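Asker: the amino acid sequence is not available; the structure is as follows:
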C-alpha cells in the first residue's frame, strides 16, 4: 500500500503544498499504467485493455480536478515528471518502488498496491494530529478535505484557471470554485480509486460513486484474471461479491517489452531505436509543457496537450515495433527532455 | 411490439455530440466547402498538396463565427452521467430493482448520410452497455447503426441556439445471440424477466430507443436565448484556442431519456413500428411568452387492458431547464369516444424523466365496444376538444434508413407496411417520391403477402436524396424540401457515391493517393490524424494493414471505420489499396404561426427549419 507523507499544514501555502502532492501522485500513476496498456498487443486482451484505458482516463481527470483545486486556492500547478523505477512523489514509506512494467501480473499487482483502499475508517484517523505521518492515498485525500475546510472563504478564487468539461471528458471534469466543489472532487477521486469505503454504517463496496468498479478492483480482476461478480447465492459472504469467470487474459499477447526503459542504455542500439525513443520523449515533454500551460490558464493548451498525447501514443507504438539488439523492444521511457517544472515543492515552499 | 411491452428498463442522462461541421455548409464562396454529391471537399488542386489542406483547415476555423461551430470535432457521441432510472415488469415503475442506478455507457460516431441536412444523422457504435461486467447488465452489439428519425423542430422554442430547439428519436436493436447480446440478471427481477422473454417465440432480442433534447453549444446554456454578441464571444474564444495549435474539439451536449425492452419479429430496427399517432400540426399554447407549437408524433400499443403511449418526443418544453409545457389535460380517444385522460402531472418533466416519456393508462372495461383502430390525442382549446395527434393506420417504413451505394450499382428501396402497428398484408399501394424532385413522377408499387414493397433506385448519377414512402391511395404530392415534415413522413436517404473508377487506373504513387484520397480525409476530419498523420507517407505505409482493415466495406458499421465520414468511393478505395499493397494498378422559425388562441395549423417551412439546425 502506498504511503504518502502527511504533515500538518500551517497556512494556505502549506495547504497548497499538500494539494501539489495530490497532483504529483495523480500524474505519477500515469506512466506505469500507460506503459502496461501500450504494451498489450493490438486486437488482443480486450477486457484488460478497456479496464486499463478507463483507469488511465480517470487518472487524467483526477489530475485535472486536483489542479483545479490548486488554482482555486491561489496556487501554481507544477508538473515534475517522476523517474522510473522510483518512489512515487511524497512516498516516504519507501516500501514500494514503482516500475514501468509491460502488461503482466506484476504490473497489475503494482496497480493494486498504488490504488489500495483505505482501511475501515476510524474517526480517530480522520482527526488531525501533529507531526509527520505516512498515510494512504485515500487518507491523504480525506485529510486534505479537512484542511481545505479550514481555509477562510477569502482563500477561494472562483474561475481561476479552471479546466472544465467543455472540450474533453464531458460530465467528469468541473470547475472548483468553492470548498464544497473541492470536496466533491476529492470524493470522486477517492471513490474512483478505491470504491466505497467501509464505515461503521456501511459494509463498503468495490463500486465507486457511479456504480462502476473502482481502480483497485479492476487491477485485482486483471491480476487474478477473473471477473469480480455480484454474489447472489445463499452462501455469499459479507462482501456480496465473488470471483467469477475468466477475464480471458492472455499474458503472452504482449509486446516483448523491457521494463524501466529509462535505465536501459540505448546508446548502443540502432539509430532507429534511438530515434524512436527520442520521439517518445519529445512528445511526452511537449505534453507536460502544454499541461503546465493549460493549468496556468493559457487558452487552448489543453488541446495542445491532448494533441501531444496522441503523438506520444503513435511514437510509443512505433518504439514498440522497433526491435532492440536483444530481440526485445522498449516502450516510452517517459523522460522529459527539458525541465518543465522548477522543482518539487517541499512543505512551505509554495508561497 | 417493442419497448412499449414489458419489461422495460428506463435510463436517462446526457450525451455529447462532437461532429465536424465543416461539411455542413453549402456556401460556394467559402474556401472550406464540401460538395456532398461529389463527396469532395473541393481542394481545387491537382495534385493536392499538404499546403492546400492547411489552408482549408485554416479557412474552416476562420468560418467559425459565421457558422462552422466545430471544425475539429472527434465525431464521437458519448453518454455521460447516464444511469438506469427505473424498471417496469408490468406492475408499475420500480426504482428498487438492483439494476436501478447502474451506469449506462455508449460511444458512437455521429455521421450524416446527407451532410447538409438534419434528417439523416447516424450513430455508428460497437456496443451499448447498461450496467457493468460482473453485475446486473445488458451488453449489446447493434445489428445496425442507429439513425436519427422524427426530428422535432418544435420541441423547445425556449432554446433557439442551432439545433437546441429540436429533439430527436434514436432506436437500435440487438439480436439475441451470445456473440452480440448478454443479459446478466443476477438479483434483478426486471433483467430476469427480460431474459425470460428472450426464449419466447418471435422475440428477436433487445431494442433501445432514446430521445435527445435540450441541446446546448459551446458548453453555454445561456446561449439558448442569448444574443448574437454572446454567441460571437464564445466563437471568438474557440478561435483563440485554435491559435494555440493542438486539437480543439467543441462538442455540443444534450439531455436524453431512453428505454430498453423487447425487440420482436416485425419490429423495425431503426424507428418505431408501433401505432403512430402523427402530429396534425395543430398548434397549442405553451406559455412563457413563446409561440404556440404542435406536438411531436407519438406511438401507442394496446395490451392487456392498457394502452402504452410513447410521448418521449411529443410534448414540447417551454424553458431551458427544461420544463414541459402544461397544456392542460390530454384526452385519448378511440374514434370519438374518450378512453383516457392524461393530467399534466402524467407528462411533466419529473414523470418524463422517470419513465422516459412512456405513459401507461388503463383502458375502460368496455373497450371491446370501442373503435380501437382510430386513436386520437386531443387537448381542449377554447372549450373545444381539438386533436393534436391522429393515428395514421398505415405506415410504410423503409428497411434501410440511409443507404450508401456506389454509382451504377443496382439498388432497391424496400419498405415494410404496417397497419395499426403490425406488419400488413398484400395489396396496399405505396408511393415513393423523391423530396424536391421536379419530375413529379413517383414510383408506385403494391405490397406482397408480407406487407413488403420494393422500388428500384436510380443510381446512374451521384446524389444524396431523400425518398418518402406513402402507403394508401391518397399520397401527398409533390413532397418538396419545404413540405417534407419528418414528423409525418417516413423516409430513407439514398447516397450514391460518385463513380470515379478512373482513379483505380492511376499510378499508385504517394502523390496520387494523397491528392485523391487522404487529402480529403485530412481536410475534412482533422481528428483522424489523432492516430495517423495522413500526410506522412512513411506512417501511412507502416500502418497499411490497419488502414486496410478499417476501410474494408465489411467494417462499415463499426465505430472505427475509415474514413469516419463514410464517403469513400470505389475508385478511391481501389487507388488506396493499390498503394497500400504496393501493386501496379490494374433563424428564422415558423413565420406563419399566429396567436395562441383558437385552433391553428402550422404551415412550417421545413427547409428553413432544417437549415437552422446546422
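Answerer: Looks like it arrived, so ask away. What you see is a predicted model; the values in this text were computed from it and never measured.
Asker: which ones are touching the residue nearest in space to the middle of chain B?
Answerer: In chain B, the centroid-proximal residue (C-alpha atoms, centre = their mean) is residue B:148; its distance is 0.9 Å. Contacts for residue B:148 were tallied using C-beta atoms under 8 Å, 6 or more residues apart in numbering or on different chains; they are B:118-122, B:168-170. Every residue, glycine included, has its C-beta placed from N, CA and C.
Asker: let's see that with 10 Å instead.
Answerer: By C-beta atoms under 10 Å, 6 or more residues apart in numbering or on different chains, the contact list for residue B:148 reads B:110, B:112-113, B:118-123, B:166, B:168-171, B:212, B:270-271, B:401-402, B:486.
Asker: one more: residue B:279?
Answerer: B:150, B:152, B:154, B:293-298, B:313-314, B:377, B:387-390, B:485, B:487-488, B:602.
Asker: repeat that with 8 Å
Answerer: Contacts of residue B:279 by C-beta under 8 Å, 6+ apart are B:294-297, B:388-389, B:485, B:487-488.
Asker: how about the helices in chain A?
Answerer: Using DSSP state H, the helices of chain A run over A:12-38, A:46-72, A:105-115, A:123-126, A:137-148, A:179-194, A:215-224, A:271-295, A:301-320.
Asker: wait, the stretch 151-300 of chain B
Answerer: Assigned by DSSP state H, counting those that start in this stretch, the stretch 151-300 of chain B shows helices spanning B:189-197, B:228-243.
Asker: nearest to chain A, out of those?
Answerer: Nearest to chain A, of all those, is helix B:228-243, at 3.4 Å by C-beta to the nearest C-beta.
Asker: packing partners of that closest one?
Answerer: helix B:50-62 (3 or more C-beta pairs under 8 Å, 6 or more residues apart in numbering or on different chains; DSSP states H and E).
Asker: what residues does the stretch 251-400 of chain B have near chain A?
Answerer: Proximity of the stretch 251-400 of chain B to chain A is confined to B:251, B:253 under the rule C-beta under 8 Å from any C-beta of the partner chain.
Asker: any weak-confidence spans in the stretch 251-400 of chain B?
Answerer: Along the stretch 251-400 of chain B, the model assigns pLDDT under 70 to residues B:366-369.
Asker: how about 80 then?
Answerer: Within the stretch 251-400 of chain B, the segments meeting pLDDT under 80 span B:365-372.
Asker: how about the strands in it?
Answerer: For the stretch 251-400 of chain B, the strands defined by DSSP state E, counting those that start in this stretch cover B:252-264, B:275-279, B:282-284, B:293-294, B:298-303, B:306-310, B:330-334, B:337-342, B:358-362, B:375-381, B:384-392, B:394-398.
Asker: if you compare those strands, which one is most tucked away?
Answerer: Comparing those by mean neighbour count (mean count of other C-beta atoms under 10 Å in any protein chain shown), strand B:293-294 ranks first with a mean of 28.
Asker: adding mean neighbour count and mean pLDDT, write the helices of the stretch 151-300 of chain B out as JSON lines.
Answerer: As requested, the helices of the stretch 151-300 of chain B are arranged in JSON lines below (neighbours: other C-beta atoms under 10 Å in any protein chain shown; pLDDT from 0 to 100):
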{"stretch": "helix B:189-197", "mean neighbour count": "20", "mean pLDDT": "98"}
{"stretch": "helix B:228-243", "mean neighbour count": "16", "mean pLDDT": "94"}
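Asker: let me see the confidence value for the nearest residue to residue A:105 once chain neighbours are set aside.
Answerer: With sequence-adjacent residues excluded and distances taken as C-beta to C-beta, 6 or more residues apart in numbering or on different chains, residue A:105 is closest to residue A:223, at 5.6 Å. Predicted confidence (pLDDT) for residue A:223: 95.
Asker: ditto for residue A:345
Answerer: Model confidence at residue A:345, given as pLDDT, is 32.
Asker: quick one, helices of the stretch 451-600 of chain B?
Answerer: Using DSSP H, counting those that start in this stretch, helices in the stretch 451-600 of chain B cover B:510-513, B:519-524, B:537-542, B:544-551, B:570-581.
Asker: contact partners of the second one?
Answerer: This points to helix B:519-524. So helix B:519-524 is in contact with B:20, B:22-23, B:32, B:34, B:39-41, B:43, B:48, B:50, B:52-53, B:56-57, B:528-529, B:534-535, B:562-565, B:567, B:572, going by C-beta under 8 Å, 6+ apart.
Asker: tell me who's in contact with the residue of the stretch 401-550 of chain B found nearest chain A.
Answerer: The stretch 401-550 of chain B approaches chain A most closely through residue B:530 (4.4 Å), counting by C-beta to the nearest C-beta. For residue B:530, the contact set (C-beta under 8 Å, 6+ apart) comprises A:307, A:310, B:74, B:247.
Asker: JSON lines please, covering those residues and showing distance to residue B:127, pLDDT and neighbour count.
Answerer: Output for the contacts of residue B:530, formatted as JSON lines (distance: C-beta to C-beta, whole Å; pLDDT from 0 to 100; neighbours: other C-beta atoms under 10 Å in any protein chain shown):
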{"residue": "A:307", "distance to residue B:127": "28", "pLDDT": "94", "neighbour count": "23"}
{"residue": "A:310", "distance to residue B:127": "24", "pLDDT": "94", "neighbour count": "19"}
{"residue": "B:74", "distance to residue B:127": "18", "pLDDT": "95", "neighbour count": "24"}
{"residue": "B:247", "distance to residue B:127": "26", "pLDDT": "92", "neighbour count": "24"}
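Asker: ok, residue B:525 touching residue B:71?
Answerer: No: using C-beta atoms under 8 Å as the test, residue B:525 is too far from residue B:71 to be in contact (10.0 Å).
Asker: return every residue with contacts to both of these two.
Answerer: Common contact partners of residue B:525 and residue B:71 (C-beta under 8 Å, 6+ apart): residue B:20.
Asker: so for residue A:182, what's the pLDDT?
Answerer: Residue A:182 is assigned a pLDDT of 98 by the prediction.
Asker: circling back: export the helices of the stretch 151-300 of chain B as JSON lines, with columns for distance to residue A:41.
Answerer: Converted to JSON lines, the helices of the stretch 151-300 of chain B look like this (distance: least, C-beta to C-beta, whole Å):
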{"stretch": "helix B:189-197", "distance to residue A:41": "34"}
{"stretch": "helix B:228-243", "distance to residue A:41": "36"}
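Asker: of all these, which one comes closest to residue A:99?
Answerer: helix B:228-243 (37.1 Å; C-beta to C-beta).
Asker: ok and that closest one relative to helix B:50-62, angle-wise?
Answerer: Orientation check (axes from the mean of the first three to the mean of the last three C-alpha atoms, to 10 degrees): helix B:228-243 against helix B:50-62 gives 150 degrees.
Asker: contacts for helix B:228-243?
Answerer: By C-beta under 8 Å, 6+ apart, helix B:228-243 touches A:167, A:299-300, A:303, B:61-62, B:64-65, B:69, B:71-72, B:161, B:217-218, B:220, B:222-223, B:248, B:250.
Asker: can you say which of those residues are buried?
Answerer: Listed as buried from the contacts of helix B:228-243 are A:167, A:299-300, A:303, B:61-62, B:64-65, B:69, B:71-72, B:161, B:217-218, B:220, B:223, B:248, B:250; burial here means 16 or more other C-beta atoms under 10 Å in any protein chain shown.
Asker: surely residue B:571 touches residue B:500?
Answerer: Yes: taking contacts as C-beta under 8 Å, residue B:571 lies within contact range of residue B:500: 3.5 Å.
Asker: all strands for the stretch 101-250 of chain B, in order.
Answerer: Counting by DSSP E, counting those that start in this stretch, the strands of the stretch 101-250 of chain B are B:104-112, B:121-131, B:137-140, B:146-147, B:149-152, B:167-175, B:181-184, B:203-216.
Asker: pipe those strands into TSV and attach distance to residue B:459 per row.
Answerer: TSV is the format used below for the strands of the stretch 101-250 of chain B (distance: least, C-beta to C-beta, whole Å):
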stretch	distance to residue B:459
strand B:104-112	20
strand B:121-131	20
strand B:137-140	33
strand B:146-147	20
strand B:149-152	23
strand B:167-175	27
strand B:181-184	34
strand B:203-216	30
